[in-house]
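[1] sequence first, predicted coordinates after that:
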Amino acid sequence: MEVEIEKIVHGGYGFARLAQGICLVPFAVPGDILDIECSPEDDVAFGWIKKIIRPSLYRKPSLCPVFGLCGGCDFDNMDYEYELNLKKNILIEDLARLAEVTRVPDGMPVERVIYSMEYGYRNHAGFKVDSKGNIGFFRKKSHEVVPLPDNGCKLLQEEINGYVSEIRNKKKFKEGGFRIRADTKGNIYRKGVPDIEDDKFCYCYIKGVKFRINIDDFFQVNNFVTGKWVSQIELYLQPEKNDIIADLFCGSGLIALNLAKNVKSIIGIELNKNAVRSACYNADWNNIQNVSFVRGKAEQGISSISNVNKIILDPPRFGLQKSLITAIVKLSARVIVYASCDTATFSRDVKEFIKTGYLLEKITLVDMFPRTKHSEVVARIVKS
């Protein structure tokens, strides 16, 4: 059927109206006139492009030969400025739809957008290997491996692409996968590469603080904006010398150790035992003594502490459970800084905080993941 793409919605899909309802189309651009096929999936219809009848004025050729096949990128078919505008609009729409927020005290919800480099920003990747030995990434909504182009993935740091290019024809890879990380100096760390001993840890510096990270643990992927992201969290937190802060989902201590110098104390809570070990190591390594780390679920950890006046939240993509929000509210912290990598779950959680008497005051959009549907949100939530 022939459709026109009206906008991009959460998930990076093009939104098209049909006589029967709506259809969500990946790799579409607003203004495209498309010939699509569409199939229902639960209550939503998803489509795919058969032919571009008339391209949008905003559409441009992708620089990647496997764009539209590989599931890594969503927006490499448009200008970067336009991509950022779409991500901002998605955030605004999710806030209106899920949190019933259209304005904040100072006006429009998003006060600032922090840009990134378009390409070459990603500092680690989990590569997939199929039964034929092809190295690449999964196709969208599939476990089929799309082979990596000869010049690598444009999102990755050049050192990672260079290393993979060096080993891909020299090693006999088994079906499965391997992981490669790079630090800001271009040093390579690896796990799962045949005939090479695994690195247990990798190392990096963020805003002058040294970090040791387990090779498999989560850490922000964009070396070029992670420092700006931490600075934005600090700006919204407005740390003071007498502050006692809880840092939930603290990981290896990235936020806590960068903010420690300006506060009385910080308690980091994290479920991943390897991340907690790294966080404690990193505190000792940097001689930071006013930060402690506790292993456990966020709800259990926060229920065991008191006198906290500010809270930092950086949960996984699925956001916060209602029981955790209830436990957070009981502490009556006057400032909550919420960092999120999903605008929908963030908006859902904001609504719950508003119900309890909190106010969404400011939001910054951080483009941690250029050319993909993902973006990072940093918000200041205060006692009203």
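    Looks like it arrived, so ask away. A quick note: this is a predicted structure, and the numbers were derived from the prediction, not measured.
[2] need the nearest residue in space to Ser131, chain neighbours excluded.
    Glu175 (4.9 Å; CB to CB, 6 or more residues apart in numbering). Where C-beta positions appear, they are placed from N, C-alpha and C, glycine not excepted.
[3] then Leu84?
    Closest residue to Leu84 in three dimensions, ignoring its sequence neighbours and counting by CB to CB, 6+ apart: Val113, at 5.7 Å.
[4] now Gly251
    Nearest non-adjacent residue to Gly251, counting by CB to CB, 6+ apart: Ala275, 5.0 Å away.
[5] what does that neighbour show for phi and psi?
    Main-chain torsions, Ala275, degrees, to the nearest 10: phi -70, psi -40.
[6] show the contacting residues for it.
    Ala275 sits next to 214, 217-218, 250-252 when contact means CB atoms under 8 Å, 6 or more residues apart in numbering.
[7] out of those, what pair is the most spread apart?
    The span of those, defined through CB to CB, is set by Asn214 and Cys250 at 14.2 Å.
[8] more neighbours, those two?
    Neighbours per residue (other CB atoms under 10 Å) separate Asn214 from Cys250, with Cys250 holding more: 27 against 19.
[9] does the more buried one really touch Leu271, like I thought?
    No: Cys250 lies out of contact with Leu271 (CB atoms under 8 Å); the separation is 10.1 Å.
[10] look at the residue nearest to Leu84 and give its secondary structure.
    Per DSSP: H, G, I helix; E, B strand; the rest coil, the secondary structure class of Val113 is strand.
[11] tell me the bridge partners for it.
    Listed beta-bridge partners, Val113: Leu365 (assigned using DSSP bridges).
[12] list the contacts for it?
    84, 88, 364-367.
[13] quickly find the element holding Ala256.
    Per DSSP states H and E, Ala256 falls inside helix 254-259.
[14] can I get that helix in CSV? Just the C-alpha atoms.
    Output in CSV follows, covering the C-alpha atoms of helix 254-259 (Å, rounded to 0.1, in the frame of the first residue of the first chain):
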residue,chain,number,x,y,z
LEU,A,254,31.2,6.9,37.3
ILE,A,255,28.9,9.6,38.7
ALA,A,256,29.6,9.2,42.4
LEU,A,257,33.4,9.4,42.1
ASN,A,258,33.2,12.5,39.9
LEU,A,259,30.9,14.3,42.3
